[in-house]
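> only the shape, not the letters, is given here:
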């Protein structure tokens, strides 16, 4: 199933996010990367993503602000927040704002891949359900 999943990774730590993109690509995900909120928002405007992996703590526009902006553009996209131990409260706030889940850094790539598949399956089922109710 993963070969068709288009994932946006957003984090201001360039080396970390590039390495994560490579590791997810090896697991069959198609990844794109943004290093800050406004760049992520522009990518979401230009193309459909099955899920977004979003760092909570970023300079300028933080992860929660980015989450809210992304959800305004595509309310169905599932967002998984990445957080450090010190920002767990922000991650919980993100869940209340519509994030699918959160993971604490350093993130286990296999765990992230599993959560991404869950998030994308949830979205697929919601789309299928909406399509069926339109009939």
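Thanks, I have it. Bear in mind the structure is a predicted one, so any value in this text is a computation, not a measurement.
> hey, what's residue 52 bridged with?
Residue 52 forms beta bridges with residue 8, residue 79, as assigned by DSSP bridges.
> go ahead and confirm it touches residue 79.
Yes - taking C-beta atoms under 8 Å as the definition, residue 52 is a contact partner of residue 79 at 4.7 Å. The way it works is simple: take the backbone N, C-alpha and C, and place the C-beta from them, glycine included.
> what sits in contact with each of the two?
Common neighbours of residue 52 and residue 79, counting by C-beta atoms under 8 Å, 6 or more residues apart in numbering, are residue 70.
> how about the helices in this structure?
14-26, 37-46, 63-73, 88-96, 109-133 (DSSP state H).
> for the lowest-mean-pLDDT helix or strand in the chain, name the packing helices and strands.
Counting by mean pLDDT, DSSP states H and E, the chain has its least confident helix or strand at helix 88-96, which shows a mean of 85. Judged by 3 or more C-beta pairs under 8 Å, 6 or more residues apart in numbering; DSSP states H and E, helix 88-96 is in contact with helix 63-73, strand 78-83, strand 101-104.
> quick one: which of those is nearest residue 125?
When the helices and strands packed on helix 88-96 are compared by C-beta to C-beta, strand 78-83 sits nearest residue 125, at 11.2 Å.
> quick one on the thing from earlier: return the most buried member of the helices of the chain.
Of all those, helix 63-73 carries the top mean neighbour count, a mean of 19, counting by mean count of other C-beta atoms under 10 Å.
> tabulate the helices of the chain (JSON lines), appending distance to residue 7.
As requested, these are exported to JSON lines (distance: least, C-beta to C-beta, whole Å):
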{"stretch": "helix 14-26", "distance to residue 7": "6"}
{"stretch": "helix 37-46", "distance to residue 7": "11"}
{"stretch": "helix 63-73", "distance to residue 7": "13"}
{"stretch": "helix 88-96", "distance to residue 7": "17"}
{"stretch": "helix 109-133", "distance to residue 7": "6"}
